[in-house]
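Peer 1: the sequence and its predicted three-dimensional model are supplied below.
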Amino acid sequence: MRDLLLFVIVVGLVPIILMRPWIGILAWFWSGLMTPHLLTWGFMKTFPIAVFFGGATLAGLVMTKDRRAMPLTREMIMMWVLVAYTAMTSYFAVYHGAWGFWQHLMKILVITFITPMLVYGQRRIILLLLVITLSIAFYGFKGGLFAISTGGSHMVLGPEGSYLSGNTYIGIAMIMVLPLVLASARMFYYRWEDFGSDLIRRFSNKIGLLFYGVFWLTAVAILVTYSRGALLGFLAIAPFLFIRMRRKWLMIVLAVVGVTVIGVTVPDRLMAKWGTIETFEEDTSAMQRVQAWGVSWNMAMERPIRGMGFRFTYMDYDWWITYANFEGSWEHVLSPHSIYFSLLGQHGFGGLAVFMTLVGFTFLTLNRIRRKAVRETGQRWLSEYGWAIQVGLIGYLVAGTFLDVAYFSLLYAFVALAIIMRRELEEAPRAIEETEAEEHWVPKPEQKPRPAKGPRFPDFVPKPEDLLNQPRPWLKKQ
């Protein structure tokens, strides 16, 4: 039944995407992040959903006039530099199959490049934000309920066979969207935006409360992944989330009552995992990472500009261990186990610099959106989501210290959102400046009166009946 339902959804969306390719962006991120086909058991489990959505979106992009020019922001330029740099390192790669992964990266970056061309305007941006948030929050909701029902005795994992499989991968994904869930809850609960729907207006507060519930369940799910990287990432973003919340004293009181009166305690397994951070020399998993980091560092020292290229871990163990500072007694897992050391080993110091510059530019853009949106344009939703993505990026950088997720599609979704949201900020009218200008503006005899201000095309198109209902002062009796 799930297979048939998903098949109908995919087939039904393709013609819609051809006519309105911006919907294809939403569908691609939904299929790529949530991986709904892996929740089925039949023929749809291996169905290339992302290929269908991506192909339809590219075809629609060619045919439609509802698109904008690719913005040449500093983030966009750095992504093009990343494309060129990784192409160079793939050419000099030690493993002959490096080009295969380069092509995989290009599929992610192509969508990242065209997303700002198709997604613009408040409605589309908010819909994209909600799709990305809910695609991962689904697993936070599900994992939180599972953790509570089992008392934390079992580990929360991602869907088997996906990029989210395993506890650490699903943990870092939930960390990145946790602030977005909070921002969505606040947007609906306090009704910062009018979605043009009476149904949403009526149930806006209840939708906000539902998002708050998903927020707390996702927080529980992150902890019960029992991932060392996820724990550190959660601790990194927790202060920012706490500062943003209201009723802080109520939460503190509830926490004290829960521990002292009810007797709520942290699961022993979580405490044991946390203890290994201090005694990492005794933990095999931690020492494997230390060994792998040394390998990547020594590779970068040998080839600081070219690196070893993609998939150097596919080389045989005898070659790989020659770069290690020590050899352990464990089974050999050839993985960099880190964003930063992965980039060092694959692309040298030059590749790491390109990647960190891209992330740094994105962070600065989000910070600008967070600080200026409310003050200059009154767009609280824009400021709130700018803050949320910024905090999620902090969680990614901290948790990624222990996981090789440099080519995580969610990261590049954040880059695209930063570009789109900055453009929205720059193009939005400045309420104070425009009000003052209108008050002091006096038309010259040869000038026509200024038309009334209204929403920008193409977010809203006035209906004929709306135009007929506009006030017509010239019909008033003298």
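Peer 2: Okay, I see it.
Peer 1: going along the chain, name the helices of the stretch 51-200 of the chain.
Peer 2: 74-91, 98-118, 122-149, 167-189, 198-223 (DSSP state H, counting those that start in this stretch).
Peer 1: now the third one, how far from the centre of its chain.
Peer 2: If you compare the mean C-alpha spot of helix 122-149 with that of the full chain, they lie 11 Å apart, counting by Cα atoms, centre = their mean, to the nearest Å.
Peer 1: tell me the angle of it relative to helix 198-223?
Peer 2: For helix 122-149 against helix 198-223, the angle by axes from the mean of the first three to the mean of the last three Cα atoms, to 10 degrees is 50 degrees.
Peer 1: in helix 122-149, which residues are buried?
Peer 2: 122-141, 143-144, 146-147 (16 or more other Cβ atoms under 10 Å). C-beta here means a position set from N, CA and C on the backbone, and glycine is covered the same way.
Peer 1: can you list the domain ranges for the chain.
Peer 2: 1-67, 72-282+333-427 (automatic domain parsing).
Peer 1: worst mean pLDDT among the ones you listed?
Peer 2: Least confident of the domains of the chain, judged by mean pLDDT, is domain 72-282+333-427 with a mean of 87.
Peer 1: please enumerate the helices of the stretch 201-350 of the chain.
Peer 2: Counting by DSSP H, counting those that start in this stretch, one finds helices in the stretch 201-350 of the chain at the ranges 228-244, 248-257, 268-278, 284-302, 317-321, 339-372.
Peer 1: so which of those is nearest K206?
Peer 2: Among the helices of the stretch 201-350 of the chain, helix 248-257 comes nearest to K206, with 20.3 Å by Cβ to Cβ.
Peer 1: CSV please, covering the domains of the chain and showing distance to R311.
Peer 2: Compiled in CSV, the domains of the chain are given as follows (distance: least, Cβ to Cβ, whole Å):
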stretch, distance to R311
domain 1-67, 21
domain 72-282+333-427, 5
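Peer 1: my guess is P36 meets L6, correct?
Peer 2: Yes. Shown here, P36 and L6 form a contact pair, counting by Cβ atoms under 8 Å, at 5.9 Å.
Peer 1: shared neighbours of these two, which are they?
Peer 2: Counting by Cβ atoms under 8 Å, 6 or more residues apart in numbering, the shared contacts of P36 and L6 are I49.
Peer 1: so what's the residue count around the nearest residue to A406 once chain neighbours are set aside?
Peer 2: In space, A406 comes closest to I339 once its chain neighbours are excluded; the distance is 4.8 Å by Cβ to Cβ, 6 or more residues apart in numbering. I339: 26 surrounding residues under other Cβ atoms under 10 Å.
Peer 1: so what's I339 up against?
Peer 2: So I339 contacts L397, G400, T401, L403, D404, V405, A406 (Cβ under 8 Å, 6+ apart).
Peer 1: how close does the fifth one sit to R228?
Peer 2: If I follow you right, that is D404. Separation of D404 from R228 (Cβ to Cβ, to the nearest Å): 14 Å.
Peer 1: can you check D198 too?
Peer 2: 48 Å.
Peer 1: show me which of those two is the more surrounded one.
Peer 2: R228 (24 against 8).
Peer 1: now the residue nearest to that one when sequence neighbours are not counted: phi and psi?
Peer 2: Setting aside the residues directly before and after it, R228 is nearest to F402 in space (Cβ to Cβ, 6+ apart), at 5.9 Å. Main-chain dihedrals, F402, degrees, to the nearest 10: phi -110, psi 10.
Peer 1: shift numbering so it begins at 20
Peer 2: Renumbered: residue one is now 20, and that last one reads F421.
Peer 1: among the contacts of I358, which are in helices?
Peer 2: Within these, residues falling in helices by DSSP state H are L416.
Peer 1: who wins for most neighbours among the contacts of I358?
Peer 2: Neighbour max across the contacts of I358 (other Cβ under 10 Å) = L422, 26 neighbours.
Peer 1: isn't that one up against G185?
Peer 2: No. Using Cβ under 8 Å, L422 makes no contact with G185, being 9.2 Å away.
Peer 1: now do the SS call for the most centrally placed residue in the chain.
Peer 2: In the chain, the residue lying closest to the centroid (Cα atoms, centre = their mean) is L429, at 4.0 Å. Put simply, L429 is helix when judged by DSSP: H, G, I helix; E, B strand; the rest coil.
Peer 1: before we move on, the earlier item: most widely separated two among the contacts of I358?
Peer 2: Taking Cβ to Cβ, no two of the contacts of I358 sit farther apart than L416 and D423, at 13.7 Å.
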